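Engineer: Provided below for reference: sequence and predicted model.
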Amino acid sequence: MDNIIWFLTGNAGKLAEAQHHLHPLGYEVRLLSVDGENIVEPQASDLETVARAKLEQALDHLPSPQARVLVEDAGLFVDALNGFPGVYSAYALDTLGCHGILRLLAHLSSDDPVQAKRLRSARFRAVAGLWDGEQMVIGVGDCPGSIAAELQGEEGFGFDPIFIPADLDSEGQPLPPDVLGEASTHGMTFGAVDRSKKQVFSHRRRALDDLIRQLPDLSKQA
Ligand code: IMP
């Protein structure tokens, strides 16, 4: 089998991040472009259901019968908003935008940066689904953190300018807000760091790693 993974996405930022992570592992990630009207994004209460439904539809658009196809669905889950916007993240970004999320949290602020992070805790979650030519495999990745007080930076996409990832320990595990980690953005949002730095913390990278771990052939090649 070749080393090509076809990624069904309309989001150039996601494509760039998947390429950035999978290229060094020996994979060529190519955009699988399908007319939007041919892929229906179901409104479901969890990301995995959405990813599975997209992957099933993608199977009707395989570039070749043996092709590997990747889909991925992500969302921002804010604790103080009971997980909103979550599966409604794309709609919330279009309607409220980053400023709207900041307004919803305006009453939750503190001069103490650690306390502010606790009050404004949130996480990104990504669910990646891969059809490897024979089976469907699902990978999940989380990135805990907090919502910034204001927009910061112009890197990345979506909610990146308002999301500060939690620091990580030497094994890549997230730490509480009062502990300085081995990996840290030092309070900067994903919007204020470059793609390589975002990858260290990224929910998307973790979801792709989780996928690869479940595919003996892929992890051996990688
Ligand atoms: P999607 O449905 O997976 O494309 O994503 C839902 C919404 O979350 C979209 O508006 C994305 O822009 C946003 N989103 C997904 N992943 C990220 C990320 O890594 N950073 C910032 N926003 C993201």
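Structural biologist: Done, it's in. This structure is a prediction, so every number in the text was calculated from the model and none was measured. Residues are numbered from 1 along each chain as shown.
Engineer: from here on, contacts and neighbour counts on C-alpha atoms
Structural biologist: Noted.
Engineer: from memory S33 sits against A12, does it?
Structural biologist: No - the pair S33 / A12 is not scored as a contact, 11.3 Å apart, by Cα atoms under 8 Å.
Engineer: Show the model's pLDDT score for E134.
Structural biologist: Model confidence at E134, given as pLDDT, is 86.
Engineer: Likewise for D79?
Structural biologist: For D79, the model assigns a pLDDT of 98.
Engineer: And the residue of the chain most remote from its centre, how far from the ligand?
Structural biologist: Centroid-distance maximum for the chain: D111 at 29.5 Å, with Cα atoms, centre = their mean. Using Cα to the nearest ligand atom, to the nearest Å, D111 is found at 26 Å from the ligand.
Engineer: now A58
Structural biologist: Relative to the ligand, A58 is positioned 15 Å away (Cα to the nearest ligand atom).
Engineer: Mind jotting down where the helices sit in the protein?
Structural biologist: 12-22, 47-58, 89-95, 97-104, 113-119, 195-201, 203-213, 216-221 (DSSP state H).
Engineer: Can you add mean neighbour count, distance to M136 and mean pLDDT and give the ones you listed back as TSV?
Structural biologist: Shown next, in TSV, are the helices of the chain (neighbours: other Cα atoms under 10 Å; distance: least, Cα to Cα, whole Å; pLDDT from 0 to 100):
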stretch	mean neighbour count	distance to M136	mean pLDDT
helix 12-22	18	18	93
helix 47-58	20	8	91
helix 89-95	14	25	96
helix 97-104	16	33	98
helix 113-119	18	37	93
helix 195-201	18	25	95
helix 203-213	22	10	94
helix 216-221	12	14	57
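Engineer: just how off-centre is stretch 6-20 within its chain?
Structural biologist: Remark: stretch 6-20 is offset 11 Å from the chain centroid, using Cα atoms, centre = their mean, to the nearest Å.
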